[in-house]
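I would like the atomic coordinates for the input below:
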Amino acid sequence: MTTDWLLISTFGGQEPSLIGVGSSPKPFVPLGRHFKGRRSQPNRALDDVQNALLEIMADPEHRRIDRESEDGRKRILAEPLLNSESRLHGVYFWRGDTDEAPPPRDPAGAWHFNLTAGKASGSDDLFDLYGVAPEDRRSEAALAGAFTRLVTNRDEGEALAKIVQSEPGTEHQAVWKVRRDDDEERAAHFSCRMLEEKPDPAGDRREVILRGITHDIGPAGEVPAAPPPVILEHRVLDAVLTPGEYLAYVDLKRLALIKWRSEPMPGVAWENAVGEPAPAMHPSDVPLARKMAKDLAYRKVEGILRFRGLDGDWKPLHLSVALMAFDESTHGGLVTVTEAPTPQNRNTSFGQ
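This is a model prediction of the structure:
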């Protein structure tokens, strides 16, 4: 039997843990639990993986391991998995007989979201997994852009609630579906953890960073956990949309787009993709947006706000916002977006 590659997470400031064996996801399994040895004998497998991890952690950008074990009976391979900032997020590890050929590795890619700034960054490994052409790759995008290729599962509300809460130490794992740029659909296992970090070690400012790994575990049609369930609530939302209406989930605390529930509205700069202007709300409209978010505690609200268009100009949009529970204690905004009728009506409409 061929020995599988192991995928080990190293992000989050905690002990490295197992998140994948071959194409099988694992729930942050401690390495000592996976490499169980006899009490009366040295646990050589655990020693080998721990030594390899320590070596790669010391020099993740340049360290690759391909050697025999100390007793000469095993071959050990280890490869780092780096994010776009060359920070170590994980390690591929393989340990097999010296005459055994290692199997191909399942694709995996490291990524991180700056939840404080609302930005997402992916590695080249992640872009390879997504099938993104080199000319379309961008090291940093808007947070909502991270969802463009993903089809979420039943845990969508839980995941969105965690993003809104942005509580350091929070973990999440799930199997979602990835629609690659070549239209192939793959099942992907996501493992991530939130951390509070200081961008400037000498400063006082702190940011919440979500660090993770996406692991391709096979064709979506062959992985039962991957196809999304048909949820009645989603059918109802789709049914009530009329042409020219678009739905979005919004973080009310940050006044930030989390993801589009429908197809994205055309003509609006929201993704921060290559060749597009940076997403933004007109600074003069921010006070109104904050008032709308506050008034949601009492009623549904609507108004006209300006957002940057793909042409670089400010584009007036009509927003109708309802409070939406992502989980039992976390709310966001469910926003229906349409073209504003005329620029003269901007910032004038509120209603139940």
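
for the stretch 1-150 of the chain, just list every one of the helices.
31-34, 44-58, 124-130 (DSSP state H, counting those that start in this stretch).

next one: the stretch 201-350 of the chain
232-240, 286-295.

mean pLDDT for the ones you listed: which is lowest?
Of all the helices of the stretch 201-350 of the chain, the minimum mean pLDDT falls on helix 232-240 (a mean of 59).

check what pLDDT Gln352 gets.
In this model, Gln352 carries a pLDDT of 32.

ah, wrong one, I meant Leu160
93.

look up the closest residue to it, ignoring the ones flanking it.
Using C-beta to C-beta, 6 or more residues apart in numbering and skipping the chain neighbours, the partner closest in space to Leu160 is Phe326 (4.6 Å). No exception for glycine: its C-beta is placed from N, CA and C like everyone else's.

contacts only, for that neighbour.
By C-beta atoms under 8 Å, 6 or more residues apart in numbering, Phe326 lies in contact with 157-158, 160-161, 164, 332.

ok, and for stretch 290-308, which residues are buried?
Burial within stretch 290-308, assessed by neighbour count using 16 or more other C-beta atoms under 10 Å, is assigned to 292-293, 296, 301-308.

quick one: end-to-end distance for it.
18 Å (C-alpha to C-alpha, to the nearest Å).

and if you look at stretch 307-315?
End-to-end distance of stretch 307-315: 5 Å, with C-alpha to C-alpha as the criterion.

quick check: buried residues in that stretch?
If you call a residue buried by 16+ other C-beta under 10 Å, then stretch 307-315 has these buried ones: 307-310, 314-315.

off-centre distance for that stretch?
Averaging C-alpha positions (C-alpha atoms, centre = their mean, to the nearest Å) puts stretch 307-315 26 Å from its chain's average.

now rank the contacts of Phe326 by neighbours and give me the top one.
Gly332 (23 neighbours; other C-beta atoms under 10 Å).

leaving aside the residues adjacent along the chain, what's closest to Arg67?
The shortest distance from Arg67 to any non-neighbouring residue, by C-beta to C-beta, 6+ apart, is to Ile76 (5.7 Å).

thinking the one you found is in contact with Ala52, fair?
Yes. Counting by C-beta atoms under 8 Å, Ile76 touches Ala52, with 6.1 Å between them.

these two: which is more packed in?
Counted by other C-beta under 10 Å, Ile76 and Ala52 do not tie: Ala52 has more neighbours, with 22 against 19.

what about this protein, any weak spots by pLDDT?
Within the chain, the stretches with pLDDT under 70 are 1-2, 37-42, 227-240, 342-352.

tell me the contacts of the residue nearest the centre of it?
In the chain, the residue lying closest to the centroid (C-alpha atoms, centre = their mean) is Ala146, at 6.1 Å. Taking C-beta under 8 Å, 6+ apart, we find Ala146 in contact with 111, 113, 120, 122.

how close does the third one get to Arg261?
Spatial separation of Ala120 from Arg261 under the definition C-beta to C-beta, to the nearest Å is 18 Å.

of the two, give the one with the bigger neighbour count.
Ala120 (24 against 18).

what sits opposite that one in the beta ladder?
Applying DSSP bridges to Ala120 yields these beta-bridge partners: Phe113, Ala141.

out of the helices of the stretch 1-150 of the chain, indicate the one that is most buried.
helix 124-130 (a mean of 20; mean count of other C-beta atoms under 10 Å).

just give me how far it sits from the chain centre.
13 Å.

tell me which other helices or strands it touches.
strand 108-114, strand 207-219 (3 or more C-beta pairs under 8 Å, 6 or more residues apart in numbering; DSSP states H and E).

the shortest one - contacts with which helices or strands?
Right, strand 108-114. strand 74-82, strand 88-97, strand 119-122, helix 124-130, strand 207-219.

so which of these gets nearest Ala340?
For these, proximity to Ala340 was assessed by C-beta to C-beta; strand 119-122 is nearest, at 27.3 Å.

report the contact partners of Thr336.
By C-beta under 8 Å, 6+ apart, Thr336 lies in contact with 241, 245-247, 319-321.

now it: how far from Leu319?
Applying C-beta to C-beta, the value for Thr336 to Leu319 is 7 Å.
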